[in-house]
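Visitor: sequence first, predicted coordinates after that:
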Amino acid sequence: MAVIALAGGLGAPGVTTSAMALLMTWPLLEGQRVLLAEADPDGGSILPGALQGTLDNSRGMRNLAVAGRQGQLGEAFWRQLVDVTDEASRDRLVLPGLYDPAHASAMEPVWKPLAAMFAGIEAHQHDVLVDLGRRGAFGASAVLAQRADVVLVVARTTLRSLQSAQVRVTALRELLGQTVELGLLLVDEGPFSKEEVRKTLGVPVVAVLPWRPKEARVLSDGAEQPRRFESSELMRSARSAAVRVQELVAIRRSRLAPPPPAPATVGRG
């Protein structure tokens, strides 16, 4: 199991929509679950967006700030999760974000223990996707990126978005060092190719999602699903992206694994 953080730059590169696409297509074996945590200090958008306000703000990050001050973070965490599957299988879950950015300061003491909880959640057979939004990869919540296996910078293939992504990539390289895999997840709206972006930003392009506004609104705004949405180009690309991210996690953990012990030598008597 793994922790994957998604971060964006200026504008609206599509971080939350991309995270939702990964959540809904993440490959799961029996007994496994995947969780999307909205950790954007500017506030979450899934409750009023993808879930269309069907739930109130009674669950989410704000409650974890309160629980953290009371020493009850671990107990409260599981009560905040929302099942987003129609079958109520509880294998694709969301931790709703802050509904008021003014609450971001109250979260500052909680980010570090929450990052440790995400990193240790493997015992519960959960993968964790962390939506860091525009600012969440820096400041007090930067620990969420530092404790991740992979950090993906989401950008559209437009000049404005890529210039912003370049600034983010430079800052994240300094923040993360060599311990976290850093890559790009592109939304193919503009004229620049995957190879051009890779060469210019010097970071591997993990995946490219097609620019499909009608399909994306299902994930961002809870719009009615078009015909054959699950097999649409956007969702097929998201499935491929999820597999590639899992491969990156395996590469990273293999690289960081301690070397096997040297074979014992037996001397001659």
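Guide: Ah, there it is. Keep in mind it's a predicted model, so treat the numbers as computed, not measured.
Visitor: and the strands in the chain, which stretches?
Guide: 3-7, 33-38, 82-83, 92-95, 126-133, 150-156, 181-188, 205-210 (DSSP state E).
Visitor: pairing partners for the fifth one, with directions?
Guide: For strand 126-133, the pairing partners within the sheet under DSSP bridges are strand 3-7 (parallel), strand 33-38 (parallel).
Visitor: give me the contacts around that strand.
Guide: Counting contacts by Cβ atoms under 8 Å, 6 or more residues apart in numbering, the residues outside strand 126-133 that touch it are 1-8, 15-16, 19, 22-23, 26, 32-42, 44, 97, 118, 121, 136, 141, 144-145, 148. For the C-beta atoms, the positions are set from N, CA and C on the backbone; glycine is no exception.
Visitor: just the buried members of these?
Guide: For the contacts of strand 126-133, a burial check counting by 16 or more other Cβ atoms under 10 Å picks out 1-8, 15-16, 19, 22-23, 26, 33-41, 44, 97, 118, 121, 136, 141, 144-145, 148.
Visitor: winner for burial among the strands of the chain?
Guide: Between those, strand 3-7 has the highest mean count of neighbours, a mean of 29, where neighbours are mean count of other Cβ atoms under 10 Å.
Visitor: now that strand: mean pLDDT?
Guide: Taken as a whole, strand 3-7 carries a mean pLDDT of 96.
Visitor: which residue packs closest to Leu159, ignoring adjacent ones?
Guide: Gly190 (7.0 Å; Cβ to Cβ, 6 or more residues apart in numbering).
Visitor: for the one you found, give me its contacts.
Guide: Shown here is Gly190, whose contacts under the criterion Cβ under 8 Å, 6+ apart are 156-159, 161-162.
Visitor: what of Pro27?
Guide: Taking Cβ under 8 Å, 6+ apart, we find Pro27 in contact with 239, 242-243, 246.
Visitor: same question, Trp111
Guide: Trp111 is in contact with 39, 140-141, 143-144, counting by Cβ under 8 Å, 6+ apart.
Visitor: skipping its backbone neighbours, what lies nearest it in space?
Guide: The shortest distance from Trp111 to any non-neighbouring residue, by Cβ to Cβ, 6+ apart, is to Ser141 (4.6 Å).
Visitor: which one among the contacts of Trp111 gets closest to Gly222?
Guide: Distance ranking of these against Gly222, using Cβ to Cβ, places Ala39 first at 20.9 Å.
Visitor: residues in contact with that closest one?
Guide: By Cβ under 8 Å, 6+ apart, the neighbours of Ala39 are 61, 97, 111, 114, 130-133, 136, 141, 144.
Visitor: can you tell me how far it is from Leu98?
Guide: From Ala39 across to Leu98, the span is 9 Å (Cβ to Cβ, to the nearest Å).
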